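Colleague: structure, please.
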Amino acid sequence: MKRKITIILVIGILIRLFLAFSTFHPDLQVFYYAGEVIAKGNILNFYDYLRNLPPGDPILTIYPTNLFIYPPLFYFFFGPVSHLLSSPFSYNILHNFIFGLSMVLGNLQLNLFLLAIKLPYLAFDLGIAFLLFRLFEKPKNKLLAFTLWIFNPINLYATYMMGQFDVIPTFLTVLALFLAVKKEKYFYSALFLGLGASFKIFPVLLLVPLALVRKKWIERLIIIAIGAGTYILGILPFFNSVGFRSSAFVAGQTTKSLYATLPISGGEAIIYFPLFILFLYMVFYYSKLGLERLWERFFVILLMFFIFTHIHPQWFTWLTPFLVIDLVKSGLKHWPLVLILLLAWFGQLTFFDPSLTTRIFSPINPSLIKAPGVWEGLGIGLDVNSSRSILQTLFVASGLYYIYFYFAKERKI
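Modeller: Numbering: from 1, shown residues only. This next block holds a predicted model:
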């Protein structure tokens, strides 16, 4: 099996290197620029940096003052790393990467720069592959889990084409699951969930299912305190910042899951997402749980988030390790559900900005930088809202079956 793993790993790494080398999305400019801001000594005032620039500063003609919308830990990890990795590249490449990308498209140095600043993701990505490998006992299941992760298109796209960092909190979530299930290190598991939430908030939702693994209330409270405390410690130094409070702490991405509501009066409504999350927590509380099935509860909680939220393409990365676990444990019986989810994801992708589709390969074909979107390029006029609604309905249908399937198992315990 070692030979098979090695072959799969080598092919997977080569695919990743090619995609990182040949693709670009504008979010990478923001991530790199954040590193430059931090490198100038802007630490606690990081989120207010753009707000404090004088009117007419060239950067303000490109970016809004609420540019930095993610929790601080990501910027203070990726920013300095990208600043360090950019040191071998010329000023022309680095300057135009921010101020005039079209001037350096087609320049090999740009491709190498894109490869360099995406490389840090590789450690977290491969870490997930090996953690999934170790979650299983049978050699054939180990190999299948490893292979499915290495070649899953969502991670390849989000991490190496978009250059998004969702693979980091996803790795920390899978690590937390592994530590709980295989090592019974519940406090460390909570710590890594809190750390994951310091990158993207979703791991906080998984603290309650983790805590309910333990029978003693004191242990449950410690688990939640460790996870929540880790997250709070990560944001606390920035809480005096107006920019942080308005752009990152209550960013639009954070509140999208609260949009779906059932009005019950002129000014009152039931918010679906917290309603069903609390309902699931109650079911978990009154059901017995085998530790080996903790992943099911993580999976169901994340599915509930996706069902009631307008989703950004990279967010699907959070879900993919659990789809892999499900496929392996079901003996691939749920492949039609995964196929529907993938089709819905890919279809939704075509209705976002062209930078996510037709323009993403502009580093190897500079003429694509002004390419129209997929449907516009094909000359097909579709109603965006109706099309997205249909695709979301397909996704929800599959997601609801998963929830039904694992909820039914929960009730049989």
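Colleague: list the buried ones in stretch 230-240?
Modeller: 230, 231, 234, 235, 238 (16 or more other C-beta atoms under 10 Å). Heads up, the C-betas are built off the backbone N, CA and C, glycines and all.
Colleague: so for the helix or strand residue 305 falls within, what gets flagged as buried?
Modeller: Using DSSP states H and E, residue 305 maps to helix 294-307. Within helix 294-307, the residues that count as buried by 16+ other C-beta under 10 Å are 294-307.
Colleague: what do you get for stretch 352-368?
Modeller: 354, 355, 356, 357, 358, 359, 360, 361, 362, 363, 366, 368.
Colleague: among these, which ones are in strands?
Modeller: Using DSSP state E, no member of these sits in strands.
Colleague: and those, which two are the farthest apart?
Modeller: The most widely separated members of these are 356 and 366, with 17.8 Å between them, by C-beta to C-beta.
Colleague: all strands for the stretch 201-350 of the chain, in order.
Modeller: Secondary structure of the stretch 201-350 of the chain (DSSP state E, counting those that start in this stretch): strands at 261-263, 269-271.
Colleague: nearest to residue 290, of those strands?
Modeller: strand 269-271 (31.6 Å).
Colleague: list the contacts of the closest residue to residue 109 other than its chain neighbours.
Modeller: Leaving aside its sequence neighbours, residue 109 sits nearest to residue 93 (C-beta to C-beta, 6 or more residues apart in numbering; 4.8 Å). Shown in contact with residue 93 (C-beta atoms under 8 Å, 6 or more residues apart in numbering): 104, 107, 109, 110, 113.
Colleague: in TSV: those residues, plus distance to residue 263, secondary structure and pLDDT.
Modeller: Below are the contacts of residue 93 laid out as TSV (distance: C-beta to C-beta, whole Å; DSSP: H, G, I helix; E, B strand; the rest coil; pLDDT from 0 to 100):
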residue	distance to residue 263	secondary structure	pLDDT
104	51	coil	92
107	55	coil	93
109	55	helix	95
110	51	helix	95
113	50	helix	96
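Colleague: of these - the most surrounded one?
Modeller: With neighbours defined as other C-beta atoms under 10 Å, the most crowded of these is residue 113; it has 26 neighbours.
Colleague: contact partners for it?
Modeller: Taking C-beta under 8 Å, 6+ apart as the test, what residue 113 contacts is 86, 89, 93, 94, 97.
Colleague: shaky segments in the chain?
Modeller: Low-confidence segments of the chain (pLDDT under 70): 250-254, 408-413.
Colleague: just give me the residue closest to the centre of it.
Modeller: Taking C-alpha atoms, centre = their mean, the centroid of the chain lies closest to residue 166, which sits 2.8 Å from it.
Colleague: tell me how many other residues surround the spatially closest residue to that residue that is not a sequence neighbour.
Modeller: Counting by C-beta to C-beta, 6+ apart, the nearest residue to residue 166 once its immediate chain neighbours are dropped is residue 317, at 4.1 Å. A count of neighbours around residue 317, defined by other C-beta under 10 Å, yields 26.
Colleague: please apply the same query to the one 3 residues further on.
Modeller: Counted by other C-beta under 10 Å, the residues lying close to residue 320 total 24.
Colleague: ok, it to residue 292 distance?
Modeller: With distances taken as C-beta to C-beta, to the nearest Å, residue 320 is found 20 Å from residue 292.
Colleague: the residue nearest to the centre of the chain: what's it in contact with?
Modeller: 158, 159, 200, 314, 315, 317, 318.
Colleague: what sits closest to the third one if chain neighbours are left out?
Modeller: Leaving aside its chain neighbours, residue 200 sits nearest to residue 169 (4.4 Å; criterion: C-beta to C-beta, 6+ apart).
Colleague: from the contacts of residue 166, which single one is nearest residue 47?
Modeller: For the contacts of residue 166, the nearest to residue 47 is residue 200 (17.0 Å; C-beta to C-beta).
Colleague: any idea which helix or strand carries the closest residue to residue 4 other than its chain neighbours?
Modeller: Nearest non-adjacent residue to residue 4, counting by C-beta to C-beta, 6+ apart: residue 143, 6.2 Å away. Secondary structure assigned from DSSP H and E places residue 143 in helix 139-150.
Colleague: list the buried residues for the next helix or strand after that helix?
Modeller: Heading C-terminal from helix 139-150, the first helix or strand you meet, by DSSP H and E, is helix 153-155. Of the residues in helix 153-155, 154, 155 count as buried by neighbour count, 16+ other C-beta under 10 Å.
Colleague: who's in contact with helix 153-155?
Modeller: Contacts of helix 153-155 (C-beta under 8 Å, 6+ apart): 125, 149, 167, 316, 317, 320, 342, 345.
Colleague: just these: which are in helices?
Modeller: Among these, the members found in helices (DSSP state H) are 125, 149, 167, 320, 342, 345.
Colleague: tell me where the stretch 251-400 of the chain has helices.
Modeller: For the stretch 251-400 of the chain, the helices defined by DSSP state H, counting those that start in this stretch cover 252-255, 272-286, 294-307, 320-329, 335-349, 374-378, 384-412.
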